[in-house]
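> all I have is the shape, not the residue letters:
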């Protein structure tokens, strides 16, 4: 399974505007939109799939899809426009930090952006998800 803590650390280092960067367990623990610490990011592994071709004995290429969920809150505007501006700034910084980046490892290739979507929102809080994909190698026994 892809180690998403590497991605979390990259976001902490490259996007200091985030108050916190956490993983899937922390995201799952939040019960309502008003409970999110903002601005924050959550890295969540969505799926992994293996290539049918083995590159070497007991080594297989895998593709992992993960999301970076950005939570922003704004009380200054009733129409949500300020939330979108805040989200744009953070999303742009997160994309810049991850697109083309990969840990200094021969087993992990550069990340590519796939898509972005609004996940949820209310009058004060917006959740945006950017979906990324990366390739890495799975070692057998």
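Done, it's in. Quantities reported herein were computed from a predicted structural model and do not represent experimental measurements.
> remind me, longest strand of this structure?
strand 40-56 (DSSP state E).
> what's the burial count for residue 16?
For residue 16, the neighbour count with other Cβ atoms under 10 Å is 9. C-beta here means a position set from N, CA and C on the backbone, and glycine is covered the same way.
> again with residue 64
With other Cβ under 10 Å as criterion, residue 64 counts 21.
> now for it: which residues touch it?
For residue 64, the contacting residues are 2, 45, 47, 48, 133, 134, 135, 136, by Cβ atoms under 8 Å, 6 or more residues apart in numbering.
> with adjacent residues omitted, what lies nearest to the second one?
With Cβ to Cβ, 6 or more residues apart in numbering as the criterion, residue 45 has its nearest non-adjacent residue at 5.0 Å, and that residue is residue 66.
> compute the first-to-last residue distance for stretch 50-61.
6 Å (Cα to Cα, to the nearest Å).
> could you pull out the helices for this structure?
5-14, 24-29, 81-98 (DSSP state H).
> what residues does the second one touch?
What that stands for is helix 24-29. Under Cβ under 8 Å, 6+ apart, the answer for helix 24-29 is 4, 42, 43, 44, 45, 69.
> pLDDT on that helix, on average?
Confidence over helix 24-29 (mean pLDDT, whole number) is 97.
> related to what we said a few turns ago, reformat the helices of the chain as CSV; add distance to residue 117 and mean neighbour count.
Conversion of the helices of the chain to CSV gives the following (distance: least, Cβ to Cβ, whole Å; neighbours: other Cβ atoms under 10 Å):
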stretch, distance to residue 117, mean neighbour count
helix 5-14, 18, 16
helix 24-29, 15, 13
helix 81-98, 11, 18
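> want to throw those into JSON lines with distance to residue 111?
Below are the helices of the chain laid out as JSON lines (distance: least, Cβ to Cβ, whole Å):
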{"stretch": "helix 5-14", "distance to residue 111": "8"}
{"stretch": "helix 24-29", "distance to residue 111": "17"}
{"stretch": "helix 81-98", "distance to residue 111": "5"}
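> out of these, which is closest to residue 121?
helix 81-98 (7.2 Å; Cβ to Cβ).
> now that closest one: average pLDDT?
Here the average pLDDT along helix 81-98 is 87.
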